[in-house]
Every structure is written in C-alpha cells, then in structure tokens.
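In: Based on what follows, work out the 3D shape:
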Amino acid sequence: MALVTCPECGHQVSTLARACPQCGAPPPGARTAEPVITGGLLGKLATIFGAWLVIPWVVRLLTFVAAMVMFSVMFAFSSR
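Out: A predicted model of the protein is given here:
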C-alpha cells in the first residue's frame, strides 16, 4: 500500500482507495471496474418476464385488500 497525492485536492491517498476521502476524486492509477452484468437484451427480457409473473399477484393482493376494507366499512356501519 502506497500513498499518492490526489490530483484534485493535494491530500495523501492510498493506492488501494477507491476515491479520495477529502474530495471524492479517484486516485491516480485507479482502475475503473467494468460492470459484470450489462443491461443488454438478456437483462431486458428478464425484467419483462419478471414483471409478467409478479404484476398479476400484486393486482390480486390490492383487490383483496380493497375488498377487506370495503367489507369492514360495510359491516361497521350496518351494525349501528
């Protein structure tokens, strides 16, 4: 682990640091990490397929909750 001078603010920064703790600039010689998974066609298809599976269940849950609220309001006012 070596210390280098930050080109932005002049403070000492470790070469293992991802950013300067003072100003947030990347240290000199820092490698930028490439994303492991990109949002290409496969990611878009997975998002669409997941939404296709999840959205009907969310709608059913909201319908059930709305029905329970409606029944509780109906029976609360009918018992008076």
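In: Every contact and neighbour count from this point should use C-alpha atoms.
Out: Noted.
In: and Ala76, what is it in contact with?
Out: By CA atoms under 8 Å, 6 or more residues apart in numbering, the contact list for Ala76 is empty.
In: if I look at it, how far off is Phe64?
Out: 18 Å (CA to CA, to the nearest Å).
In: quick one: contacts of stretch 5-13?
Out: Residues outside stretch 5-13 that contact it (CA under 8 Å, 6+ apart): Leu3, Val4, Cys20, Pro21, Gln22, Cys23, Ala25, Pro27, Pro28.
In: Pull out the buried residues from these.
Out: Among the contacts of stretch 5-13, those classed as buried by 16 or more other CA atoms under 10 Å are Cys20, Pro27, Pro28.
In: Out of these, the closest to Arg60 would be?
Out: Of all the buried ones among the contacts of stretch 5-13, Cys20 has the smallest distance to Arg60: 49.3 Å, by CA to CA.
In: Local confidence estimate at that closest one?
Out: What the model reports for Cys20 is a pLDDT of 86.
In: next one: Glu34
Out: 64.
In: same thing with Gly29?
Out: 69.
In: List the residue ranges of the chain that fall below the pLDDT cut-off.
Out: The model of the chain has pLDDT under 70 over residues 1, 29-38, 78-80.
In: how about the strands of it, start to end?
Out: With DSSP state E applied, the chain shows strands at 3-5, 12-14, listed in chain order.
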